[in-house]
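>>> could you look at this predicted model? Sequence included:
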Amino acid sequence: MDTIQIITKNENDRKILKQIFANIGKNIVFSHDLNDALDIFEKARPNAVFIVDEEDPPVNIKLREIQRIAPFIPIIVLLKKRDSSHAIEYMKLGAFDCAHAPWTEEQLQPIIKKSLNLSGTTIELEKPDFKKQKIAILTAAAAVTILFGFIFGWHHAYKKYHVIPAKQNKTQLPYLHPSGITFSKGQILISDWYTQAIYKHDPDGLQISGVHSFPNITPIALTSGKDTLWLANAEGLIEKRLKDNKFTLLSKTKNKAASLSGMCFDGLYFWTADSASIKLTKHLNNDTLDKLESFNYPGRNISAMTCDNRLIWIADGKTKELITMPLDNPEKILSRAEIKEYVSKTLKITGIAKKDEKVWFVAKDKKKGFLFSKKLSKWHTKNHENSKKP
């Protein structure tokens with residue numbers, strides 16, 4: 001029988017979950033806290049781990065420690081409250097799935113089934129059956145023999161006809177999960193959601209000149225004006241802060257975008273982009289960011305956005321382009337330009353910012369963070385004055 005480990009010290013939660021898992025037919029092992037869980041981990045050999053949130057230590061620490069000793073085991077977070085921002089945060093940190101209270105058998109059964117379909121964990125200690133192992137080895141050997149001839153021919157054709165793409169001018173960042181980029185007092189500011197910090201970089205050598213930590217929030221987007229900076233967090237708030245050494249908080253407002261993928265300030269109005277609805281929204285530049293008007297984005301996907309006092313730029317993850325629209329008509333494409341860094345199919349742009357005649361990008365690729373820029377005057381663009389939606 002499959003074994004599920006559940007980490008919670010709440011007796012009422014234990015009773016509810018015990019009944020649900022018994023009805024589904026799964027063996028469960030309860031742990032009061034993280035230390036208790038790690039102590040019995042090897043003995044229990046669970047197939048999946050369920051964590052109840054709002055208990056110390058925080059879920060992010062439990063995720064990190066369990067993944068450290070068992071990186072392939074599915075971890076499901078059981079949320080006490082319906083909170084999509086926390087669910088997104090936990091999924092980014094490596095949770096397999098999340099479930100909102102009230103927990104029910106109908107809700108948890110498909111999650112359990114999916115999690116148990118995963119195979120392989122670093123705490124699986126039993127030796128495989130010898131007969132099955134022998135069959136697997138023979139099958140693999142036969143497959144290798146068949147494939148050898150194909151690979152030899154493919155390699156010959158690859159060397160003859162393949163065009164190797166030019167190297168991209170990307171700078172690897174010393175942190176792995178950049179989420180936004182902007183500028184302040186001659187420095188490049190980059191937020192990282194995993195380390196919960198803003199890093200200050202010198203624009204010439206890109207060396208880190210300072211770090212400011214935000215231990216209570218997870219920054220997912222970043223932009224700025226002349227004297228102020230806006231920081232969006234995974235909790236669904238947009239914070240307005242001063243550009244001082246402490247990034248002093250001025251105000252907070254609830255973000256109305258379900259899936260905020262970018263924001264910017266054009267000098268008069270504040271803009272947000274929603275990747276779920278594929279819409280751009282213009283707001284008043286006040287403490288509550290009152291909504292004025294929404295526009296349909298004329299591209300296909302909003303990975304990140306920025307703007308100045310004339311134009312909006314969108315990094316489109318579907319068309320692999322930087323798409324430009326005028327502020328007075330955001331539903332019209334003025335130009336589009338290929339982003340060649342998308343030659344890597346695993347690249348994901350997470351933030352863009354414009355400074356003078358350059359557009360700067362932060363991106364994630366194969367669990368690494370990168371920074372790169374383009375000079376607009378030298379970047380090949382194709383104007384589409386009468387473009388239709390792609």
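Nice, thanks for sending it over.
>>> I'd like the average pLDDT over the helix or strand where Val211 lies.
Using DSSP states H and E, Val211 sits in strand 208-213. Mean per-residue pLDDT for strand 208-213: 87.
>>> okay, buried residues for that strand please.
By neighbour count with 16 or more other CB atoms under 10 Å, strand 208-213 contains no buried residues. Every C-beta, even on glycine, is put in place using the N, C-alpha and C of the backbone.
>>> that one pairs with which strands, and in what direction?
strand 197-201 (antiparallel) (DSSP bridges).
>>> in the stretch 1-150 of the chain, which spans are helices?
11-24, 34-44, 59-69, 84-92, 105-116, 130-161 (DSSP state H, counting those that start in this stretch).
>>> where among the ones you listed is the average confidence lowest?
Mean pLDDT, when computed for each of the helices of the stretch 1-150 of the chain, is lowest for helix 130-161, at a mean of 48.
>>> C-terminal to that one, what's the next element?
strand 171-172.
>>> each with direction, which strands does that following strand pair with?
strand 369-375 (antiparallel).
>>> circling back to that earlier point, what about the helix or strand that the strand holding Val211 is followed by, distance to the chain center?
Per DSSP H and E, the first helix or strand lying C-terminal to strand 208-213 is strand 219-224. The chain centre lies 14 Å from the centre of strand 219-224; the measure is CA atoms, centre = their mean, to the nearest Å.
>>> who are the packing partners of strand 219-224?
Applying 3 or more CB pairs under 8 Å, 6 or more residues apart in numbering; DSSP states H and E, we find strand 219-224 packed against strand 178-184, strand 187-192, strand 197-201, strand 228-233, strand 260-265, strand 348-355.
>>> could you give me the average pLDDT of it?
Rounded mean pLDDT across strand 219-224 is 92.
>>> returning to what we had before: nearest to Tyr90, of the helices and strands packed on strand 219-224?
Minimum separation from Tyr90 across those (CB to CB) falls at strand 228-233, 14.2 Å.
>>> who does that closest one touch, helix- and strand-wise?
strand 178-184, strand 219-224, strand 237-242, strand 260-265.
>>> again, 10 Å this time
Here strand 228-233 touches strand 178-184, strand 187-192, strand 219-224, strand 237-242, strand 249-254, strand 260-265, strand 269-274, going by 3 or more CB pairs under 10 Å, 6 or more residues apart in numbering; DSSP states H and E.
>>> how much does that strand deviate in direction from strand 260-265?
170 degrees (axes from the mean of the first three to the mean of the last three CA atoms, to 10 degrees).
>>> which neighbours in the sheet does strand 228-233 have, and how are they oriented?
Counting by DSSP bridges, strand 228-233 is paired with strand 219-224 (antiparallel), strand 237-242 (antiparallel).
>>> what bridges to Ile28?
Ile4.
>>> might you report the residue contacts of it?
If you count contacts by CB atoms under 10 Å, 6 or more residues apart in numbering, Ile28 has them with 2-6, 14, 17-18, 20-22, 44, 46, 50.
>>> the spatially most central residue of the chain and Phe361: what is the separation?
Residue closest to the average C-alpha location in the chain (CA atoms, centre = their mean): Lys92, at 5.4 Å. Distance, Lys92 to Phe361, by CB to CB, to the nearest Å: 20 Å.
>>> so how far is stretch 46-64 off the chain centroid?
Taking mean C-alpha positions (CA atoms, centre = their mean), stretch 46-64 and its chain are 19 Å apart.
>>> okay, how far is it across it, tip to tip?
End-to-end distance of stretch 46-64 (CA to CA, to the nearest Å): 17 Å.
>>> give the buried residues for that stretch.
46-53, 55, 59-60, 62-63.
>>> what of stretch 220-234?
Counting neighbours by 16+ other CB under 10 Å, stretch 220-234 gives 220-225, 228-234 as buried.
>>> thought Ser259 was touching Ser277?
Yes: taking CB atoms under 10 Å as the definition, Ser259 is a contact partner of Ser277 at 7.8 Å.
>>> and for the two, which residues touch both?
Ile302.
>>> which one of the buried residues of stretch 220-234 sits closest to Ser335?
Distances from Ser335 to the buried residues of stretch 220-234, taken by CB to CB, are shortest for Thr223, at 21.8 Å.
>>> what residues does that closest one make contact with?
Shown in contact with Thr223 (CB under 10 Å, 6+ apart): 180-183, 189, 229-232, 238, 262-265, 270-272, 305-307, 351-353.
>>> scan the contacts of Ile28 and report the most crowded one.
Neighbour counts for the contacts of Ile28, by other CB atoms under 10 Å, peak at Phe50, which reaches 27 neighbours.
>>> near Ala315, how many other residues are there?
28.
>>> list the contacts of it.
Counted by CB under 10 Å, 6+ apart, Ala315 has contacts 261-262, 299, 301-306, 321-323, 339, 342, 348-352, 359, 361, 363.
>>> distance check, it against Ile61.
For Ala315 relative to Ile61 (CB to CB), the value is 33 Å.
>>> try Lys375
43 Å.
>>> quick check: the residue nearest to the centre of the chain touching Ala234?
Yes: counting by CB under 10 Å, Lys92 does reach Ala234; the two are 7.7 Å apart.
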